[in-house]
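Novice: Structure of the sequence below:
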Amino acid sequence: MPLALDVIEEACKVNGVCLRPVVLKRTDTTTGKVEYVNVPCGATLAAKCEPCANRAVQLRKAQCREGWHLEAEPVAERSEPTDRQRWLVEERADVEALRDLAEQDGKDLAVWDEVATTLDDELAESGVRGHVLPGEGKPRRSRSTRRRQDAPDLPKRQRENRTVGRTFTAPDGRVYRPSLFITLTCDSYGKVRQDGTPVDPSTYDYVRAARDAIHFPKLVDRFVQNLRRVAGYDVQYFATVEPQKRLAPHLHMAVRGTMPRAEVKAVAAATYHQVWWPSCDVVRFEGEHLPVWVGDEHATDRGNGQAGDYLDPATGEVLPTWEQALDQLDADPDAEPLHVVRLGPQIDVKGVMAGSPGADLGLFYLTKYLTKSLTDCHEPTSDAQRAHVERLMAVLRYEPCAPTCPNWLRYGVQPKGAKPGMRPGACRGKAHKPEHLGYAGRRVLVSRKWSGKTLSEHKQDRRAWVLEQLAELGLPATNDSDPLDPHRYIWRPVTSADRGVPHRAKRLLDELAKRHQWRAALKQAQARADGQPIGELSVTETAGRAA
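Specialist: Alright, predicted model coming up:
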């Protein structure tokens, strides 16, 4: 027989109620009343909370649909600076002036730097984007922008200040504004079977597959840059990343506007990303023979931010730091990039019209696997598939994922910002976790001018529609008859000292009852809009209205 809590959870899944609500303590500063409010957890994976994950997918669908076939330029107006933001900037200016005076007098700057950092953090929390002093720190490394000889050149058009696509007029006078749906894949690493497993695992290039997965986000950025140069306008896109059966990253991209398919494929063929990192092909330290950390209170004087160094345990030689390793790479005129990431030859480009079956199918592919982790998109069902995953993860375990990755110690280089306790094969980065398969980027990639709204604003639009429907029936949006005042209520997370928190089952039942009441109210509003008498509603809807 099923457990009662399991039945409650299944009922919550059917009705879209969060299974893991976060409890917040709300205190009314006027009356002193204390309440415990359930807030949805907001998980995006069904394994954590299926209702919240499904709700997130619907929100992404709305975002994609709204920006894909826009006919007018999206308008994103910036908010005016608040009084507090202006005051923080004035304080930041005074601190910067006092710091300059202290630097001229040769005094310690640590106190002023700490105050400046605090003010910068407060500015960011207040809603200010960007840095107060951009470009601080060491100069950025620059390399030659000459294209590789093995990559074809791309045409470059005069840039137009627009994001919407062109229109085409048919002989009958109808005007069309098509868009694109593009599918990109990685290159081949060896022959594979229908289930994605390699025909010959001994010759399958797992190292290149791992490096392609790690650096795939940079490759997508390069593709968008090249696409905008060739298209001649500010191309906007909505893209999602998922794995193929062979576990290689796979990208679906909705693009606003259109261009010839041959040009899109030429852009994909000419797109690459070079990884200028130190060599990690020769293993210097492994097993028990690992670099030794030696602390040094004067290490920060060298400007690398480290409080010590890693030494060769046999010779006592200090391993080169990350910056020193890059300096050696820059000084070598015959140096080659560690890895070059390219797109595979399988490029699919389709034209899509607004409201067509192709648009609905594109939305399905874009959001098909968003509620699953990369590993769960294609569950291994055979020993060959499980062995394929294990071999890829064995390579990813020791492949450096970032300049700060501890795996650099395995190849004789101190990671950027090295600290004690680092050990090769023990990096906590996303790229090394099985559920990410080497890809550590975001699953959804959206350009800034896609719809002119942030994801939070799209969420508020959907919420405003629900509240409007409830208001038409005279139902309050919250438990209070008065609107919420942010200065009246104090919100705090629940701690172990709070003894009045209801049991999880009680909280789920309360949220389930609220959802029934709201759905009944929405159905009544829809019935009124359709001219259906309220009395003809079902028994459940009538009971919900009475509640």
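Novice: can you pull the pLDDT of residue 297?
Specialist: On the pLDDT scale, residue 297 is placed at 56.
Novice: How about the one 3 residues further on?
Specialist: We note a pLDDT of 44 for residue 300 in this prediction.
Novice: How about residue 535?
Specialist: pLDDT recorded at residue 535 is 53.
Novice: so where does the most centrally placed residue in the chain fall, helix or strand?
Specialist: In the chain, the C-alpha nearest the mean C-alpha coordinate belongs to residue 442, at 3.0 Å (CA atoms, centre = their mean). Assigned by DSSP states H and E, residue 442 belongs to neither a helix nor a strand.
Novice: List the residues that contact it.
Specialist: 217, 241 (CB atoms under 8 Å, 6 or more residues apart in numbering). All C-beta atoms are positioned from the backbone trio N, CA, C, and that covers glycine.
Novice: Tell me which other helices or strands the strand or helix carrying residue 12 touches.
Specialist: Per DSSP H and E: residue 12 is located in helix 4-15. Secondary structure elements in contact with helix 4-15, counted by 3 or more CB pairs under 8 Å, 6 or more residues apart in numbering; DSSP states H and E, are helix 50-68, helix 504-529.
Novice: so which of those helices gets nearest residue 464?
Specialist: Ranking the helices and strands packed on helix 4-15 by proximity to residue 464 (CB to CB) places helix 50-68 first, at 12.8 Å.
Novice: Give me the mean pLDDT for the closest one.
Specialist: What helix 50-68 shows for mean pLDDT is 93.
Novice: Buried residues in it, which are they?
Specialist: 50-57, 59-68 (16 or more other CB atoms under 10 Å).
Novice: Stretch 152-170 too?
Specialist: Those buried within stretch 152-170 under the rule 16+ other CB under 10 Å are 154, 163-165.
Novice: And that stretch, how far out from the chain middle?
Specialist: Its chain's average C-alpha position is 28 Å from that of stretch 152-170, according to CA atoms, centre = their mean, to the nearest Å.
Novice: Next: stretch 37-46.
Specialist: Taking CA atoms, centre = their mean, the mean C-alpha location of stretch 37-46 is offset from the chain mean by 17 Å.
Novice: Give the buried residues for that stretch.
Specialist: Going by neighbour count (16+ other CB under 10 Å), the buried part of stretch 37-46 is 37-38, 40-41, 43-46.
Novice: In strands, which of those residues fall?
Specialist: Taking DSSP state E as the definition of strands, those contribute 37-38.
Novice: Save the buried residues of stretch 37-46 as JSON lines, and put in distance to residue 460 and pLDDT too.
Specialist: Shown next, in JSON lines, are these (distance: CB to CB, whole Å; pLDDT from 0 to 100):
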{"residue": "37", "distance to residue 460": "19", "pLDDT": "89"}
{"residue": "38", "distance to residue 460": "20", "pLDDT": "90"}
{"residue": "40", "distance to residue 460": "15", "pLDDT": "92"}
{"residue": "41", "distance to residue 460": "19", "pLDDT": "91"}
{"residue": "43", "distance to residue 460": "20", "pLDDT": "92"}
{"residue": "44", "distance to residue 460": "18", "pLDDT": "92"}
{"residue": "45", "distance to residue 460": "23", "pLDDT": "93"}
{"residue": "46", "distance to residue 460": "24", "pLDDT": "92"}
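Novice: and which of the buried residues of stretch 37-46 is nearest residue 511?
Specialist: residue 38 (5.6 Å).
Novice: Hmm, that closest one is touching residue 25, no?
Specialist: No. Residue 38 lies out of contact with residue 25 (CB atoms under 8 Å); the separation is 11.6 Å.
Novice: need the helices for the stretch 101-250 of the chain, in chain order.
Specialist: Remark: helices assigned in the stretch 101-250 of the chain by DSSP state H, counting those that start in this stretch are 110-125, 206-231.
Novice: Quick one: distance of the last one to the chain centre.
Specialist: Averaged C-alpha coordinates place helix 206-231 at 16 Å from its chain's average position (CA atoms, centre = their mean).
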